[in-house]
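J.: Make a model of this:
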Amino acid sequence: MGAAAPAAVAARSRWRRAWPVLRWVLAGVVVGLAAWVVSGQTAELSGAGRLLSGIRWPWAVVAAMVEALSYVASAALQLTLLRSGQLRSGLGRTALVSLATSAMQNSLPAGAAFAGLFAYRQYRRMGAGELLAAWSVVAVTGCLFVGVTAMSVVGLVLAFGVGSAEGLVQVLGGLGAVAAALVVAWLRRDWVFERVEGLLRFGQRRLGRPHGDPRQLVGRFRWRLGAVTPSRRHWGMALGSALFTWGFDLLCLVFAFVAVGARVPWRGLLLAYSAAQLAATLPITPGGLGVVEGSLTVALVAFGGAETSAVAAVLVYRMISYWAEMPVGWLSSIAVGRLPARPVVPIDSAAPQPSAPSEGEAPSGGRS
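T.: As a prediction, this is how the structure comes out:
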């Protein structure tokens with residue numbers, strides 16, 4: 001043990017010396033991958049360029065401004081969840097994180113993983129503890145998923161009766177059930193933890209694992225979770241921010257139709273948009289490139305939009321929400337990386353919570 005400790009210290013020292021160089025190498029690789037993705041899509045960019053000749057620029061500017069509000073709402077979502085753990089930060093810094101993570105997710109293979117890791121590191125630099133930072137990354141994704149699923153269900157109701165909508169009933173109904181199950185599981189988490197404890201006991205009888213008292217294992221996790229459990233007010237604000245995030249992005253698409261002088265297919269617009277955003281979550285291409293354009297255009301045409309104008313509007317929308325955001329997002333990643341790191345806020349001690357469990361007792365659950 002005595003020899004192992006100096007070896008570990010020496011390894012950490014070598015890592016600290018190598019990390020500054022390695023960080024720049026990794027940054028070069030990431031930027032190279034982003035450039036490779038962009039360079040392979042010249043056909044889409046050139047096609048959009050031909051359509052810009054007749055665009056109504058004032059309306060395109062409005063669409064861009066509305067899209068910017070979408071990122072402000074996304075930043076508000078992250079800030080609400082971080083503040084539920086007693087972390088205080090500014091909206092501007094969180095907006096830079098929102099722009100940067102969006103650019104990474106939209107331009108890199110396995111972009112969601114890169115974006116999640118980047119968000120986690122930035123939350124830590126903003127003063128969040130490990131638990132709060134990791135939990136916030138997951139909670140932001142969950143809120144956005146619940147928000148877009150709710151929009152798709154509303155869109156399905158509005159468009160019901162159209163042949164194209166009826167084919168989506170089972171798919172969107174299943175997604176709605178998953179989103180509802182997530183909400184119910186959180187609201188009834190005490191019941192869920194009891195079932196988990198039972199499953200752990202069953203696993204120990206059959207497999208001999210996991211080791212330890214299931215009640216203690218589940219209880220400690222419940223106690224740690226209770227340290228960052230938002231209040232109902234925080235959850236309401238977070239879900240509202242998620243809906244505003246999607247809503248402003250949808251308005252960008254609406255103004256893109258206006259910018260190209262096309263009629264907006266109102267009846268199926270919400271459903272087509274929500275279905276395209278859900279399709280973009282499939283890990284096929286970075287940021288749903290090609291998937292969003294194709295699925296959104298096909299759906300809009302199926303719901304009564306003219307094919308030519310739908311293609312033009314979707315391309316203008318993607319030029320603003322995807323291509324224009326990418327360089328802004330990467331610049332934001334550089335800017336937020338230059339901001340000073342803050343000392344870690346003692347989240348677990350600052351947040352209202354039960355006392356830490358002792359060896360002989362199981363901790364109580366978090367607040368509702």
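J.: So which residues of the stretch 151-300 of the chain form helices?
T.: For the stretch 151-300 of the chain, the helices defined by DSSP state H, counting those that start in this stretch occupy 163-166, 169-187, 189-207, 214-226, 232-259, 266-280, 291-302.
J.: which secondary element of the protein has the worst mean pLDDT?
T.: Least confident helix or strand, the chain: helix 347-350 with a mean of 44, by mean pLDDT, DSSP states H and E.
J.: And Gly174, what's its pLDDT?
T.: We have a pLDDT of 60 for Gly174.
J.: Please apply the same query to Val157.
T.: Value for Val157, per-residue pLDDT: 79.
J.: Likewise for the one 4 residues further on?
T.: For Gly161, the pLDDT comes out at 59.
J.: now swap in Trp57 and tell me
T.: Taking Trp57 on its own, its pLDDT is 90.
J.: sorry, back to before: going by mean pLDDT, which of the helices of the stretch 151-300 of the chain comes out lowest?
T.: helix 163-166 (a mean of 52).
J.: roughly how far apart are Thr149 and Gly92?
T.: Separation of Thr149 from Gly92 (CB to CB, to the nearest Å): 30 Å. In this view, the C-beta of every residue, glycine as well, is placed from N, C-alpha and C.
J.: out of the two, which sits in the busier spot?
T.: Thr149 (22 against 11; other CB atoms under 10 Å).
J.: Can you name the helix or strand that the more buried one falls in?
T.: In this assignment (DSSP states H and E), Thr149 forms part of helix 130-159.
J.: in that helix, what counts as buried?
T.: 132-137, 139-140, 142-153, 155-156, 158-159 (16 or more other CB atoms under 10 Å).
J.: elements contacting it?
T.: Applying 3 or more CB pairs under 8 Å, 6 or more residues apart in numbering; DSSP states H and E, one finds that helix 130-159 contacts helix 57-83, helix 111-125, helix 169-187, helix 232-259, helix 266-280, helix 347-350.
J.: Please identify the deepest-packed of these.
T.: helix 266-280 (a mean of 22; mean count of other CB atoms under 10 Å).
J.: and that one, C-alpha only, in PDB?
T.: In PDB, the C-alpha atoms belonging to helix 266-280 read as follows (Å, rounded to 0.1, in the frame of the first residue of the first chain):
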ATOM      1  CA  TRP A 266     -51.700  24.800 -39.800                       C
ATOM      2  CA  ARG A 267     -53.800  21.600 -39.200                       C
ATOM      3  CA  GLY A 268     -50.800  19.200 -39.400                       C
ATOM      4  CA  LEU A 269     -48.000  21.600 -38.500                       C
ATOM      5  CA  LEU A 270     -47.700  20.700 -34.900                       C
ATOM      6  CA  LEU A 271     -47.800  17.000 -35.500                       C
ATOM      7  CA  ALA A 272     -45.400  17.100 -38.400                       C
ATOM      8  CA  TYR A 273     -42.900  19.200 -36.400                       C
ATOM      9  CA  SER A 274     -43.100  17.000 -33.300                       C
ATOM     10  CA  ALA A 275     -42.800  13.800 -35.300                       C
ATOM     11  CA  ALA A 276     -39.700  15.200 -37.000                       C
ATOM     12  CA  GLN A 277     -38.100  16.200 -33.700                       C
ATOM     13  CA  LEU A 278     -38.800  12.800 -32.300                       C
ATOM     14  CA  ALA A 279     -37.300  11.200 -35.400                       C
ATOM     15  CA  ALA A 280     -34.200  13.300 -34.900                       C
END
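J.: angle of that helix against helix 232-259?
T.: On the basis of axes from the mean of the first three to the mean of the last three CA atoms, to 10 degrees, helix 266-280 is oriented at 110 degrees to helix 232-259.
J.: Ala275 and Ala95, how far apart?
T.: Using CB to CB, Ala275 is found at 28 Å from Ala95.
J.: With Arg338 instead?
T.: Using CB to CB, Arg338 is found at 15 Å from Ala95.
J.: who's more crowded, the two?
T.: Ala95 (21 against 6).
J.: who's in contact with that one?
T.: Going by CB atoms under 8 Å, 6 or more residues apart in numbering, Ala95 touches 71-72, 74-75, 332.
J.: And the pLDDT at it?
T.: 94.
J.: Check Ala43 too.
T.: Taking Ala43 on its own, its pLDDT is 51.
J.: what's the answer for Gly92, then?
T.: For Gly92, the pLDDT comes out at 92.
J.: How about the secondary structure of it?
T.: helix (DSSP: H, G, I helix; E, B strand; the rest coil).
J.: Any figure for the gap between it and Ser98?
T.: When Gly92 is compared with Ser98 (using CB to CB), they lie 11 Å apart.
J.: what does Val301 give?
T.: 32 Å.
J.: Neighbour count for the two, which is higher?
T.: Ser98 (27 against 19).
J.: Tell me the confidence at the more buried one?
T.: Looking at Ser98, the pLDDT reads 95.
J.: my read: it touches Ala76, true?
T.: No - applying CB atoms under 8 Å as the test, Ser98 and Ala76 come out as separate, 9.2 Å apart.
J.: Might you list the low-confidence residue ranges for the stretch 1-150 of the chain?
T.: Low-confidence segments of the stretch 1-150 of the chain, defined by pLDDT under 70: 1-53.
J.: Grab the nearest non-local neighbour of Ser241.
T.: Ranked by CB to CB, 6 or more residues apart in numbering and with sequence neighbours excluded, the top spatial neighbour of Ser241 is Leu77, at 3.8 Å.
J.: got the contact list for that neighbour?
T.: Going by CB under 8 Å, 6+ apart, Leu77 touches 140, 143-144, 238, 241-242, 245.
J.: Switch those over to TSV; also include distance to Trp323.
T.: Below are the contacts of Leu77 laid out as TSV (distance: CB to CB, whole Å):
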residue	distance to Trp323
Val140	24
Cys143	26
Leu144	21
Ala238	29
Ser241	25
Ala242	24
Thr245	19
